[in-house]
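Chemist: this is a predicted model, with the sequence first.
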Amino acid sequence: MSNPFKNRAPGLSGPATDIMPVTPSDSNEFATTAIALYVVGAGTVAVMTASGTTRSFAVPAYSYVPLGVRRVLATGTTATGIHALLLA
């Protein structure tokens, strides 16, 4: 099978090369900082950004959040179906 990403340097503007479901946690960071989040169920998302700042924001259903994220916090997060987009 042909792989169009084989000779391409990954860029922060995408596309992501992997996606993983997120279980919000107040203590566990991702192994790799996410380049964005995809959120299925509307609500509030509380995160630790790539710079280490804690932020909280409302998102509608089926949203992409183009933000570098190290952790999705359990405290303050009500949105569901959160996935991290990664550069693997």
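Modeler: Arrived safely, thanks for sending.
Chemist: OK, contacts around the closest residue to Gly76 other than its chain neighbours?
Modeler: In this structure, Gly76 finds its nearest non-sequential neighbour in Ala46, 3.3 Å apart by CB to CB, 6 or more residues apart in numbering. For glycine as for every other residue, the C-beta is placed from the backbone atoms N, C-alpha and C. Ala46 is in contact with Pro24, Thr54, Arg55, Ser56, Val72, Leu73, Thr75, Gly76, Thr77, counting by CB atoms under 8 Å, 6 or more residues apart in numbering.
Chemist: ditto for Pro60
Modeler: With CB under 8 Å, 6+ apart, Pro60 has these contacts: Ala42.
Chemist: for it, give its distance to Val69.
Modeler: The gap separating Pro60 from Val69 is 18 Å, by CB to CB, to the nearest Å.
Chemist: sheet-wise, list the partners of the helix or strand harbouring Met20 with their directions.
Modeler: Element membership for Met20, per DSSP states H and E: strand 18-21. Note on strand 18-21: by DSSP bridges, its sheet partners are strand 80-86 (antiparallel).
Chemist: returning to that earlier point: so which of the contacts of Ala46 are in strands?
Modeler: Cross-referencing those against strands under DSSP state E gives Thr54, Arg55, Ser56, Val72.
Chemist: what's around the first one, how many residues?
Modeler: This means Thr54. Using other CB atoms under 10 Å, Thr54 is surrounded by 12 other residues.
Chemist: where's the nearest residue to it once chain neighbours are set aside, which helix or strand?
Modeler: Leaving out its chain neighbours, the residue that sits closest to Thr54 by CB to CB, 6+ apart is Met48, at 5.6 Å. Assigned by DSSP H and E, Met48 belongs to strand 43-49.
Chemist: output that strand as CSV, restricted to C-alpha atoms.
Modeler: C-alpha atoms of strand 43-49 as CSV (Å, rounded to 0.1, in the frame of the first residue of the first chain):
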residue,chain,number,x,y,z
GLY,A,43,-19.6,20.5,27.2
THR,A,44,-16.7,22.1,28.9
VAL,A,45,-13.1,20.9,28.4
ALA,A,46,-10.5,21.7,31.0
VAL,A,47,-6.9,21.2,29.8
MET,A,48,-3.2,21.7,30.5
THR,A,49,-1.9,23.4,27.4
